[in-house]
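Q: got a predicted structure here, sequence first:
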Amino acid sequence: MTSTPEPVLDIANLSVSVRGEDGEREVVSGLSLSLKRGETLCIAGESGSGKSMTALAIMQLLPQPAARISSGKIRLRDGNNLGAVELTALDERRMRDIRGDRIAMIFQEPMTSLNPVLSIGRQLTESIEAHTGLSHVEAQRRAVEALQAVRISEAENRLKQFPHELSGGMRQRVMIAMALALEPDVLIADEPTTALDVTVQGEVLELLRDLQRQHGTSVILITHDMGVVAEMADRVIVMRNGRMVEEGAAADIFARPQAAYTRELLAAVPRIGSGAGRHASGEPDKVATQDKVAVVNDLHVRFDLRGGFFGRVNRRVHAVEGVSFSIAPNETLALVGESGCGKSTTAKALAGLVPYSGGVTIGGRELATLGGDARKAVRRDVQMVFQDPYASLDPRMRVGDLVAEPLLIHGIGSRQERRERVAALFERVGLSAAQMELYPHEFSGGQRQRICIARALALRPKLIIADESVSALDVSVQARVLDLLKELQREFGVAYLFISHDMAVVENISDRVAVMYLGQIVEIGSRDQVFSNPRHPYTRRLIEAVPVPDPSRRRTRFARLDREIPSATRRIGESMPKLVLKDFGGGHFAAVGD
């Protein structure tokens, strides 16, 4: 008779306290859990539930001196079950030996986790050298392999770049590569795929599975994405307000949730096939320009890169190559695709934030033909809501002043009139007028995003560009913000350019969908056309990559690309191949022969 192996990680009655102005309060209360070798344990819950504080306590990285472990034990067993070490009793020097080598962590926000003054290559190779004893050359080779494993193109060139030169999704991939390169016993992944495209997410999750299969790595996956939970979890712990409200096997949690809070979380998950977008008929891009909120015609955005001994321009990033589309009043056009495909650059061109060539018409007026004052007036009709609401709001200003700022800049109304309009906007987005006097840090992430939406509405624009506006929000908060956007559209008739990599969200909010790849649109059509009858293989891959929030439909493997990741960078003089879209009828176009 064989005995059951001891858990690799065991937490008993853990409580974490944080000291604030009102005294000390518990953010994790009496949590107990065990993690078996090769197991994936998912900790699910909304912001403030204590998920990340639990992870930081395991790593002994709680912010000092405000936070501390007030009670409990955290034991880590060695690879042969010969003994256990009590992590709470270790000094910082001994914990440094364990971090990375025995326990690694992928953090949610990569920009604060990567050193901004060191190159990506130096940070990767130093980490590998410190824990493996490999030579510098061998460490560099493993660093390149790790970057290639998370689908970073031109991996050797990326080693020379700094964190600020990469997109958010790229930085997160670097963090994941750094953790995977060390092959730890326990990997703690705190929202590791929130900023990633759905296809990259699928490949990263498959990487985690490979690590488990090859090395018996145990994974604690912290997430609010119940689709990811269904895809990965052996067991699930649901947390709320610092306490465990439910624990069980993944299949049981999804099929028979016992706690009301668990049922609420599952009900809020957007699902492919449940969308309620309107069916767009006809050929929308052939309608008269003056009837459109925005018309984009043959848009190009390119960025020059310098290199060589003399620092001359020798390469060019073809970020957007000949993109054309239009948006009607009261319509939502979703722009989808992976990081680097040109979605956000297209949005910035519409908002006048990057130089471009081609035609951009807003409200029937071509921007290139307008002077400074006229162009400024047209810009009032286009507003943006960004991915990170905290970074979008000046922390030194009261939120009421932040929402009123666009009115002040454009000289609209008296002080009292501006205040009344702002108060009405606060009420409209589900906040109270009394909250106008507070500062951004006094709100939750969902509330801050509502403030950003109120600010975007202040000038009563014709078009709002929502750039990954709900990707960082908890699933229930995300659902409420999406409902709010739909309500505001019905009330004000505003059009949306909705940029997202979450295909389930796109399917639930869009009227039409444009799929971008390497700076070009490869497919465009109504929501129903694109999701029920995708014509381009890349569109099909995006849809198939969406994790289904049902463990019974879990994929056994996610196919990873075995070829070099294409790049939009070309040498000077080289051009990008121009795609030709075939008309499949009813406004549905897709590239063929690709």
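A: Arrived safely, thanks for sending. Residues are numbered from 1 along each chain as shown.

Q: helices and strands around the strand ranked longest in the chain, which ones?
A: Assignment by DSSP state E gives strand 312-327 as the longest strand of the chain. Taking 3 or more CB pairs under 8 Å, 6 or more residues apart in numbering; DSSP states H and E as contact, the helices and strands that strand 312-327 lies on are strand 294-307, helix 343-350, strand 495-500, strand 520-526, strand 569-571. Yep, even glycine has a C-beta here, placed from its N, CA and C like the rest.

Q: isn't residue 134 up against residue 145?
A: No - here residue 134 does not reach residue 145: they are 11.9 Å apart, not a contact under CB atoms under 8 Å.

Q: picking that back up, would you turn the helices and strands packed on strand 312-327 into CSV with mean pLDDT?
A: What follows is the helices and strands packed on strand 312-327, written out as CSV (pLDDT from 0 to 100):
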stretch, mean pLDDT
strand 294-307, 87
helix 343-350, 88
strand 495-500, 91
strand 520-526, 94
strand 569-571, 75
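
Q: number of nearby residues for residue 353?
A: Residue 353 has 12 neighbours, counted by other CB atoms under 10 Å.

Q: tell me how far it lies from residue 321.
A: 19 Å (CB to CB, to the nearest Å).

Q: which residues does stretch 72-80 contact?
A: 6-15, 30-31, 57-58, 83-88, 98, 102-103, 185-186 (CB atoms under 8 Å, 6 or more residues apart in numbering).

Q: can you select the buried ones among those residues for me in ChimeraX?
A: In ChimeraX, a selection of the buried entries from these looks like this (16 or more other CB atoms under 10 Å):
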select :7,8,9,10,11,14,15,31,57,58,84,87,98,102,103,185,186
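
Q: mind listing which of the contacts of stretch 72-80 are in helices?
A: Counting by DSSP state H, the part of the contacts of stretch 72-80 found in helices is 57-58, 98.

Q: so which of the residues you listed is the closest to residue 410?
A: Nearest to residue 410 among these, counting by CB to CB, is residue 57 at 48.7 Å.

Q: so the longest strand of the chain versus strand 294-307, what angle?
A: Angle of strand 312-327 versus strand 294-307, following axes from the mean of the first three to the mean of the last three CA atoms, to 10 degrees, is 170 degrees.

Q: quick one: mean pLDDT over strand 312-327.
A: In this model, strand 312-327 has an average pLDDT of 86.

Q: can you pull the buried residues of that strand?
A: 315-327.

Q: can you name the next helix or strand after that strand?
A: strand 332-336 (DSSP states H and E).

Q: pull the residues that contact that following strand.
A: 277, 325, 327, 343, 346-347, 489, 495-501, 503, 506, 509-516, 527, 542.

Q: kindly report the same for stretch 149-160.
A: 119-121, 124-125, 140, 143-144, 147-148, 166, 170, 173-174, 176-177, 180, 200, 203-204, 207, 560-561, 564-567, 569.

Q: ok, stretch 88-96 next?
A: Stretch 88-96 is contacted by residues 59-60, 69, 72-74, 87, 98 when judged by CB under 8 Å, 6+ apart.

Q: mind exporting that stretch as PDB, just the C-alpha atoms?
A: Taking Å, rounded to 0.1, in the frame of the first residue of the first chain, the C-alpha atoms of stretch 88-96 are listed here in PDB:
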ATOM      1  CA  THR A  88       7.600  32.600   8.000                       C
ATOM      2  CA  ALA A  89      10.700  31.800  10.100                       C
ATOM      3  CA  LEU A  90      13.300  32.500   7.400                       C
ATOM      4  CA  ASP A  91      15.400  35.700   7.200                       C
ATOM      5  CA  GLU A  92      15.600  37.600   3.900                       C
ATOM      6  CA  ARG A  93      18.900  36.100   2.800                       C
ATOM      7  CA  ARG A  94      17.500  32.500   3.000                       C
ATOM      8  CA  MET A  95      14.300  33.600   1.300                       C
ATOM      9  CA  ARG A  96      16.200  35.000  -1.600                       C
END
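
Q: could you pull up the mean pLDDT of that stretch?
A: 89.

Q: where's that stretch relative to the chain centroid, distance-wise?
A: When distances are taken as CA atoms, centre = their mean, to the nearest Å, stretch 88-96 is centred 33 Å away from the chain's centroid.

Q: what comes up buried for that stretch?
A: Applying 16+ other CB under 10 Å to stretch 88-96 flags residue 90 as buried.

Q: okay, the buried residues of strand 312-327 in a markdown table with distance to residue 304 next?
A: A markdown table is the format used below for the buried residues of strand 312-327 (distance: CB to CB, whole Å):
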| residue | distance to residue 304 |
| --- | --- |
| 315 | 8 |
| 316 | 6 |
| 317 | 8 |
| 318 | 11 |
| 319 | 11 |
| 320 | 15 |
| 321 | 15 |
| 322 | 19 |
| 323 | 19 |
| 324 | 24 |
| 325 | 26 |
| 326 | 30 |
| 327 | 30 |
